[in-house]
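Enquirer: structure for this input, please:
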Amino acid sequence: MATVKDSVPHVVRTAHDQRQQGLYSATIGRIEQVNSGIRLFRLYLDPEQTHFFQPPLRHLPGQYVDLHVPEIERVGGFTITSPPQTALRLPAPTPSTTTPPTAATFDDPHIELAIQNSPSNPPAAYLWKPPAEIMNAPVRFRVGGNFTYPPLTLSRTEFEKVDNVVLIAGGVGINPIMSMISAMDLQGARKLGGMPRRLRMLYTSKRGIDKDGRKEYVLFEERLRAIATKWENREKEVDMQYSFFETSLATREKATAMDDAPESSRLRVFERRIQHEDLFGALGPEDEREHTLVYVCGLPDMTDGFVELLKKTPGMDEKRVFCEKWW
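Expert: Model (predicted):
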């Protein structure tokens, strides 16, 4: 994702992160204006670049790219918002296949980036040129990052025991979280790396107003709602609950669910900030937190405060609370 402090180069700030070898080539093939401050980009991978020393791209949910754009010397750091499945060219299913493929799985291989308008960040400024000027432009990138699902610090045996995952995002901190939950959703239930037995998603963001006075879309709000709706009546497989906290007091309309919403509700909307009680509720009972993973990504105050609290919460192992800092 774009940095908060553009004066700190991405490659310097992330110098100690793990990175894949080699550069991948791609083409800007799709640009979508989400709202006045964010664009979504689909970078289509070059199908001719795979050879014996550069295998097909296999990134982990939550990782970012070191992005090289034309005419800009500085390298940009942007989180991949799509799941790994969209970067792979998989064979078409045989007639005997009983489960239909998802559109994302069998689309042309690509990765997706959500780029915030940042005029002082040269790579981001390039990507905010008029779409006609950059459509089909060639780019190169390298994948890196330690904020991943599954976490790099757990063994396969430890990860197989995970039965509760809590995802907490604030603002553009939704970017790596979106990749994670999309990957889980595509993988399905009862599969390694797929939907856990229990999942809680907490997302807080402001809702902007465009120049014509209309309410703008919040990044990924429709995708998250669709995933929550998909699993809504499948509690025996996955106990998922998605809570959205809108903090734009001046622009909001009446929420679809308020603070007195029943606990059984799968989709809840609140007109306030995330509170400590929300975090404790997301973790579940103290005696059931042993195999819980928590991911937090948001602005500095939110991230630091939540991580410190969660690591000290009874029943939680601080080594299972992960955060991404881009500042």
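Enquirer: for the rest of this, base every contact and every neighbour count on C-alpha atoms.
Expert: Fine.
Enquirer: hey, where'd the strands end up in the stretch 101-250 of the chain?
Expert: Assigned by DSSP state E, counting those that start in this stretch, the strands in the stretch 101-250 of the chain fall at 110-116, 138-144, 164-170, 198-205, 239-246.
Enquirer: which of those sits closest to residue 293?
Expert: Minimum separation from residue 293 across these (CA to CA) falls at strand 164-170, 4.9 Å.
Enquirer: how far does the closest one sit from its chain's centre?
Expert: 10 Å (CA atoms, centre = their mean, to the nearest Å).
Enquirer: which one's the longest strand in the chain?
Expert: strand 24-35 (DSSP state E).
Enquirer: returning to that earlier point: now the strands of the stretch 101-250 of the chain in JSON lines, with mean pLDDT and distance to residue 192?
Expert: Converted to JSON lines, these look like this (pLDDT from 0 to 100; distance: least, CA to CA, whole Å):
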{"stretch": "strand 110-116", "mean pLDDT": "96", "distance to residue 192": "22"}
{"stretch": "strand 138-144", "mean pLDDT": "95", "distance to residue 192": "22"}
{"stretch": "strand 164-170", "mean pLDDT": "97", "distance to residue 192": "13"}
{"stretch": "strand 198-205", "mean pLDDT": "97", "distance to residue 192": "14"}
{"stretch": "strand 239-246", "mean pLDDT": "95", "distance to residue 192": "16"}
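Enquirer: looking at these, which is nearest to residue 62?
Expert: strand 138-144 (9.5 Å).
Enquirer: what's the angle from the closest one to strand 24-35?
Expert: Counting by axes from the mean of the first three to the mean of the last three CA atoms, to 10 degrees, strand 138-144 lies at 90 degrees to strand 24-35.
Enquirer: give the buried residues for the helix or strand harbouring residue 307.
Expert: Under DSSP states H and E, the secondary-structure element containing residue 307 is helix 300-311. The neighbour-count check on helix 300-311 (16 or more other CA atoms under 10 Å) flags 303, 306-307, 310-311 as buried.
Enquirer: residue ranges with poor pLDDT in the chain?
Expert: For the chain, applying pLDDT under 70 flags the ranges 1-7, 48-54, 89-107, 249-264, 327.
Enquirer: what's the domain layout of it?
Expert: Per automatic domain parsing, the structural domains of the chain span 10-144, 156-323.
Enquirer: longest helix in this protein, please.
Expert: Of all the segments of type helix in the chain, defined by DSSP state H, the longest one is helix 174-187.
Enquirer: now that one, how far from the centre of its chain.
Expert: For helix 174-187, the distance to the chain centre is 6 Å (CA atoms, centre = their mean).
Enquirer: for the closest residue to residue 180 other than its chain neighbours, helix, strand, or coil?
Expert: Among residues not flanking residue 180 along the chain, residue 61 sits closest, at 4.8 Å (CA to CA, 6 or more residues apart in numbering). With DSSP: H, G, I helix; E, B strand; the rest coil as the basis, residue 61 sits in coil.
Enquirer: with distance to residue 73 and mean neighbour count added, can I get the strands of the stretch 101-250 of the chain in TSV?
Expert: TSV is the format used below for those (distance: least, CA to CA, whole Å; neighbours: other CA atoms under 10 Å):
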stretch	distance to residue 73	mean neighbour count
strand 110-116	18	24
strand 138-144	12	20
strand 164-170	30	23
strand 198-205	33	22
strand 239-246	38	22
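Enquirer: among those, which is nearest residue 18?
Expert: Here strand 138-144 is closest among these (CA to CA), at 5.6 Å.
Enquirer: return the distance of the closest one from the chain's centre.
Expert: The answer for strand 138-144 is 18 Å, by CA atoms, centre = their mean.
Enquirer: that one packs against which elements?
Expert: Applying 3 or more CA pairs under 8 Å, 6 or more residues apart in numbering; DSSP states H and E, one finds that strand 138-144 contacts strand 24-35, strand 64-68.
Enquirer: just the CA trace of it, in CSV.
Expert: C-alpha atoms of strand 138-144 as CSV (Å, rounded to 0.1, in the frame of the first residue of the first chain):
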residue,chain,number,x,y,z
PRO,A,138,4.3,-2.3,-19.0
VAL,A,139,5.4,-2.6,-15.4
ARG,A,140,7.7,-5.0,-13.4
PHE,A,141,7.4,-6.2,-9.8
ARG,A,142,8.9,-8.3,-7.1
VAL,A,143,6.8,-9.9,-4.4
GLY,A,144,7.8,-9.6,-0.7
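Enquirer: run the angle between it and strand 64-68 for me.
Expert: Using the same axes, to 10 degrees: strand 138-144 against strand 64-68 is 150 degrees.
Enquirer: how much space between the nearest residue to residue 190 once chain neighbours are set aside and residue 173?
Expert: Distances taken as CA to CA, 6+ apart put residue 196 closest to residue 190, at 7.0 Å, once the chain neighbours are dropped. Distance, residue 196 to residue 173, using CA to CA, to the nearest Å: 21 Å.
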